[in-house]
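[1] Sharing a model prediction with you, sequence too.
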Amino acid sequence: MKFVLIFGPQAVGKMTVGQELSKITDLKLFHNHMTIDLLEPFFEFSPEMWRLSTLFREEIFKSFSKTDKYGMIFTFVWAFNQKDDWENVEKMCNIFSSQGAELYFVELKANVEERLRRNKTPNRLEQKPTKRNIKQSEENLLSTMDTLRLNSEEGEIKKNNYLRIDNTKLNAEEVAKMVKNRFRL
């Protein structure tokens with residue numbers, strides 16, 4: 001089994017790259033908003049919503065990691081200056097590695113102008129209902145830049161199967177092909 005973690009800041013293209021990678025491999029896409037958008041209508045963006053989201057994700061990871069499926073892609077906004085996020089990544093990776101899965105890390109980065117443009121794309125708005133309030137979504141994207149570091153520093157990720165891509169000028173199909181070829185997925 002393979003576990004591909006695609007991470008980076010909001011609207012960098014994680015889900016869209018995951019969609020394209022899923023099309024050209026046998027990997028199943030589980031993007032982070034699948035749990036967020038399920039729970040937000042009931043709990044808004046509250047601690048309870050995040051607790052349940054984490055619980056659902058962990059249970060899905062545990063069950064999926066025990067199947068004979070080829071693998072999973074999961075997308076995640078990783079705050080590198082938050083200890084909890086490091087622990088969450090370690091926990092989800094351990095769920096898969098404990099079942100013998102190979103782990104792959106794909107970090108995406110793009111400039112803020114491109115991310116603001118992507119924040120309004122039809123695919124994003126269709127797949128992520130909580131992003132449809134563009135004003136709020138843009139404010140969140142910009143304000144987190146003041147408090148969270150959503151891309152790693154050079155050499156910070158010390159994983160064997162790690163790929164960092166500046167996809168500012170690349171489309172999702174190109175990035176997915178780069179990931180597939182680099183990791184022979």
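    Yep, it's here. Numbers count the residues shown, from 1 in each chain.

[2] CA only for contacts and neighbour counts going forward, please
    Will do.

[3] so for the lengthiest helix in the chain, what's the average pLDDT?
    Assignment by DSSP state H gives helix 47-65 as the longest helix of the chain. Predicted confidence along helix 47-65 averages 97 (mean pLDDT).

[4] Give me the packing partners of that helix, helices and strands only.
    Helix 47-65 sits against helix 33-43, helix 83-97, with contacts defined as 3 or more Cα pairs under 8 Å, 6 or more residues apart in numbering; DSSP states H and E.

[5] what's the spacing between the first one and its chain's center?
    When distances are taken as Cα atoms, centre = their mean, to the nearest Å, helix 33-43 is centred 16 Å away from the chain's centroid.

[6] Specify the angle between it and helix 47-65 in degrees.
    150 degrees (axes from the mean of the first three to the mean of the last three Cα atoms, to 10 degrees).

[7] I'd like the next helix or strand past the one helix or strand Thr16 maps to.
    Assigning secondary structure by DSSP states H and E places Thr16 in helix 14-24. Where DSSP H and E defines the elements, the next helix or strand beyond helix 14-24 is strand 27-30.

[8] What strands line up against that next one, and which way round?
    Using DSSP bridges, the strands paired with strand 27-30 are strand 71-76 (parallel).

[9] got a list of contacts for the partner strand?
    Identification of contacts with strand 71-76 by Cα atoms under 8 Å, 6 or more residues apart in numbering yields 1-8, 14-15, 18, 22, 26-32, 65.

[10] cool, stretch 5-19 as well?
    29, 31, 73-78, 103-110, 114-116, 118-119, 123-124, 141, 150-151, 167, 172-173, 175-176.

[11] re the thing from before, what are the C-alpha coordinates of the helix holding Thr16, in PDB please?
    Written as PDB, here are the backbone C-alpha positions of helix 14-24 (Å, rounded to 0.1, in the frame of the first residue of the first chain):
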ATOM      1  CA  LYS A  14      -3.500  20.100  -3.200                       C
ATOM      2  CA  MET A  15      -7.000  18.700  -3.900                       C
ATOM      3  CA  THR A  16      -6.800  19.400  -7.700                       C
ATOM      4  CA  VAL A  17      -3.300  17.700  -7.900                       C
ATOM      5  CA  GLY A  18      -4.800  14.800  -5.900                       C
ATOM      6  CA  GLN A  19      -7.700  14.500  -8.300                       C
ATOM      7  CA  GLU A  20      -5.300  14.300 -11.200                       C
ATOM      8  CA  LEU A  21      -3.000  11.900  -9.500                       C
ATOM      9  CA  SER A  22      -5.900   9.700  -8.700                       C
ATOM     10  CA  LYS A  23      -6.900   9.700 -12.400                       C
ATOM     11  CA  ILE A  24      -3.500   8.400 -13.500                       C
END
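
[12] that older thread, from the contacts of strand 71-76, keep the buried residues only.
    Neighbour counting with 16 or more other Cα atoms under 10 Å marks 1-8, 14-15, 18, 22, 27-32, 65 as buried within those.
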